[in-house]
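> I need the structure of the sequence given here:
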Amino acid sequence: MKTTMAPGITPELLDAEESATLAGMGKRTWWRYVASGRAPQPVRMSGRGGLVRWRRAELLAWIEGGCKPVRKTVTE
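Residues are numbered from 1 along each chain as shown. As a prediction, the model looks like this:
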């Protein structure tokens, strides 16, 4: 169920579709980026049936930083 915000209010937590749009990609591609560690991990909302959201500020910083992978590769 999509909630509506009052005009002029920008949500600080975004769902997958909103995050994908902000990053300029489709929702399926967004989920591939998240799963592979190329995009920021979501905030998991406890007690909300597996609800996940991304912080707008974190996404904007990631985009401004060149969309670099966020998961570090471990080398031994």
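> I'd guessed residue 19 sits against residue 30; true?
Yes. Residue 19 is within contact range of residue 30, at 6.0 Å (criterion: Cβ atoms under 8 Å). Just so you know, the C-beta spots here come from the backbone N, C-alpha and C atoms, and that holds for glycine as well.
> Now for those two: what residues contact both?
Here residue 19 and residue 30 have residue 39 as joint contacts, going by Cβ atoms under 8 Å, 6 or more residues apart in numbering.
> Pick out the residue closest to the middle of this protein.
residue 54 (3.9 Å; Cα atoms, centre = their mean).
> what comes into contact with the lowest-mean-pLDDT helix or strand in the chain?
Taking mean pLDDT, DSSP states H and E as the measure, the helix or strand of the chain with the lowest value is strand 43-44, at a mean of 92. With Cβ under 8 Å, 6+ apart as the test, strand 43-44 has contacts from 13, 50-55.
> Minimum pLDDT in those residues, which residue is that?
Lowest pLDDT of those: residue 50, 84.
> who's the closest residue to that residue other than its chain neighbours bridged to?
Leaving out its chain neighbours, the residue that sits closest to residue 50 by Cβ to Cβ, 6 or more residues apart in numbering is residue 44, at 7.5 Å. Per DSSP bridges, the residues bridged to residue 44 are residue 52.
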